[in-house]
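> show me how the following folds:
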Amino acid sequence: GSSPLTIASTFGKIDVARALVEAGADLNSANSDGATALHVAAFFCRPEIVELLLSNGANRYVRDNYGNTPLETVSGPFDKVKGVYDTVVQALGPLGFQLDYVYVKSTRPKIAEILRPGPAELAAVDFAPSERGDWKVSTPAEQGLDRSAVAALYLDATGLTKLRSLLVIKNGYLVAEKYFNDGSMEQKALLQSATKSYISALVGLALEQGCLSSLDQKMIDFFPEFTDRIVDQRKKEITIRDMLQMRGGYPWEETDPVLWDGLLSGDQLTLLVDFPLVSDPGTTFNYSNTTTYWLGVIVQRACNSDLKDFAEEHLFSPLAVEVGEWWQDKYGYYLPIFHFTARDAARFGLMYLNDGRHEGKQIVPADWVRESLKVYSKDAFDESRLVFRDIGYGYQWWSARAGNHRFDYAWGHGGQLMILLHELDMIVLVLSDPFFIQHDDESWRHERANLNLVGRFIESLPRDNVPAQ
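Numbers count the residues shown, from 1 in each chain. The predicted structure is shown next:
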C-alpha cells in the first residue's frame, strides 16, 4: 500500500524522490498506516528528502493512523520507539534496508527542527476569540502564556479533519478560540461521555439539597421494582459511591457485542438486572455507561424532579448556560449525554477549576468538587500510543499526566475533552465529531489524535509558565 515516493523515502533514495516530485507525485498520499512520504522520511531521518518534500508543499500537519504528525514521529525519545525501528529493519533487511542507529538517534532532533514551524508561520496564526459579552477576552501574552506555544497548538490542529472547536481559557479569560471543519460558535455539540462529569455534579447537588443522605446509600434502594428480580446478591451492596467511582462491578459495554446491543436497546433501566457483574462492588474500576444512566435516574427519583428541570434550577441557570438536545428514553428518564456550545461547556469547566464557584457564587459545593477530582482508581486506562500517562478516575472525572503537568478532565467519545490544568489556572476545550454509535478503529484513531494534540501542548508548557522571550 506504499507509494513509490514513500518507498524512496524509506530507503533514502533522494534522486528517485526528486524525480518523482518533479513528475508530479502526490506528496500527501498515505500508506495503510496513514503515513505519508513526509512521515516516513522524518522517521527514518532522511533530511534531504524531508526538505525536498516541504519545499514542494507537503503537508506537515497531516496525521497518520496513530494520530502523529511527521514532527511527532521524531519528537519522543529514541529508546521509546527503538522497537519499531527493529521491526522494520528485520522486515526489510532482505531488501537491503539498513539503519545506523547512532546516526538516527543523533539526527532525530535535527529533523524535528526542520519540521517545526518558524516564527513567521507562528506569528501568522489567528486564534483571537470574538468579543460577545459572554466571556472575558484576553490574549495569551497578557495572561502570562507563551503565544508561540498556543499558535503551535492551533497549527497542529489544522491536520485534524474531525475537529470542530478548540478553546483555551487562562486565568478566567478566553485567550484562544477557533472553529474547524463544520464547527461554529453557535453549534450545540454532543458532548458524549464528557457529560458524565455533569451527572457527577448533579449527584453532588442532590446531596447538598438533601435529596440524598449519603453516598453510602445502596443503589437498589432507588429501584425497589427490581429487588425481587435480583439474582446476584452482590448488586444489593452497590453504593452510590461505588457508582460514581465506576466500581459498581458492571461491565464496559464495548467489551461484548451482547452488552453493546443492550446499551443501544433503548431499555437501559432493566439492564440493572440483566447485565452481569464482572467484579465485586467497590473493588475494581470498570467503565460503565449504564452506571451513569442509573445515577441520573437516582437523582431524578431521590429529588422527585425531572432531571432536566433539576439541572436547570441548580446548575445550568446559575451558570447562565443553555443545554441543547437532551434525549429521554421510553420511561421518561434522561440519557447521560447532551449538547452544549463550546463556550457554555467551557463555563462548566471553569466553575470546577474555581472549586465550584461562578462569578462569586458557589454553584457546586467546594468539598464536592475536591472529592470528585480525587484519584480513586489508578491506571484506569492505558494505551501506549497516548501522550496521556498515569490515567486515573475520580467521581466521573478522569485525571492524567502529560510531561510535568497533572490535570483532570471530562472525556467523551470522538475526542470531546474538557481539560482542567489547576496549577496553570487553565482550561483546554476540544469538541469534535462525536462518532455517534460508531465505535471502531476509525473513531478511535481520531479520538486518539485529539488526546495527543492536547497532550503535546500540555507537555510544551513549563511548570512555572514563564513566557518565552
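> where does the closest residue to residue 382 other than its chain neighbours sit: helix, strand or coil?
Closest residue in space to residue 382, ignoring its immediate chain neighbours: residue 391 at 6.7 Å, by Cβ to Cβ, 6 or more residues apart in numbering. Glycine gets a C-beta too; all of them are placed from N, C-alpha and C. With DSSP: H, G, I helix; E, B strand; the rest coil as the basis, residue 391 sits in strand.
> tell me the pLDDT at residue 391?
Looking at residue 391, its pLDDT is 97.
> from residue 398, how far out is it?
Using Cβ to Cβ, to the nearest Å, residue 391 is found at 6 Å from residue 398.
> for the two, indicate the residue with more neighbours.
Legend: neighbour count by other Cβ atoms under 10 Å for residue 391 and residue 398, higher for residue 398 (26 against 20).
> for that one, phi and psi?
phi -90, psi 160 (degrees, to the nearest 10).
> got a pLDDT number for it?
So, for residue 398, pLDDT stands at 98.
> my guess is residue 446 contacts residue 434, does it?
No: applying Cβ atoms under 8 Å as the test, residue 446 and residue 434 come out as separate, 10.5 Å apart.
> can you give me the strands in this structure?
Assigned by DSSP state E, the strands in the chain fall at 163-170, 173-179, 189-190, 326-328, 334-340, 357-358, 361-362, 377-381, 389-393, 398-402, 405-412, 416-421, 426-432.
> could you dump these into TSV with distance to residue 351 added?
As requested, the strands of the chain are exported to TSV (distance: least, Cβ to Cβ, whole Å):
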stretch	distance to residue 351
strand 163-170	11
strand 173-179	15
strand 189-190	19
strand 326-328	19
strand 334-340	13
strand 357-358	5
strand 361-362	10
strand 377-381	24
strand 389-393	20
strand 398-402	17
strand 405-412	12
strand 416-421	10
strand 426-432	10
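> residue 8 is nearest to which of those strands?
Of all these, strand 163-170 sits nearest to residue 8, with 31.4 Å by Cβ to Cβ.
> output the least confident helix or strand in the chain by mean pLDDT as PDB, nothing but the C-alphas.
The helix or strand of the chain with the poorest confidence is helix 257-263; it has a mean of 89 (mean pLDDT, DSSP states H and E). The C-alpha coordinates for helix 257-263 follow below in PDB (Å, rounded to 0.1, in the frame of the first residue of the first chain):
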ATOM      1  CA  PRO A 257     -21.500  -7.300  21.300                       C
ATOM      2  CA  VAL A 258     -24.300  -8.500  23.500                       C
ATOM      3  CA  LEU A 259     -23.600  -5.800  26.100                       C
ATOM      4  CA  TRP A 260     -23.300  -3.200  23.300                       C
ATOM      5  CA  ASP A 261     -26.700  -4.300  21.800                       C
ATOM      6  CA  GLY A 262     -28.200  -4.000  25.300                       C
ATOM      7  CA  LEU A 263     -26.900  -0.500  25.700                       C
END
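> for that helix, which positions count as buried?
259, 260, 262, 263 (16 or more other Cβ atoms under 10 Å).
> tally of neighbours for the nearest residue to residue 178 once chain neighbours are set aside?
In this structure, residue 178 finds its nearest non-sequential neighbour in residue 127, 4.9 Å apart by Cβ to Cβ, 6+ apart. For residue 127, the neighbour count with other Cβ under 10 Å is 20.
> next one: residue 81
15.
> try residue 13
17.
> so how far is residue 419 from it?
43 Å.
> name the residues contacting each of residue 446 and residue 434.
Overlap between the neighbourhoods of residue 446 and residue 434 consists of residue 414, taking contacts as Cβ atoms under 8 Å, 6 or more residues apart in numbering.
> looking at those two, which one has more neighbours?
residue 434 (24 against 21).
> contacting residues for the residue nearest to residue 189 when sequence neighbours are not counted?
Of all residues not flanking residue 189 in the chain, residue 431 sits nearest, at 4.5 Å (Cβ to Cβ, 6+ apart). Counting by Cβ under 8 Å, 6+ apart, residue 431 makes contact with 163, 164, 165, 183, 189, 191, 342, 345, 416.
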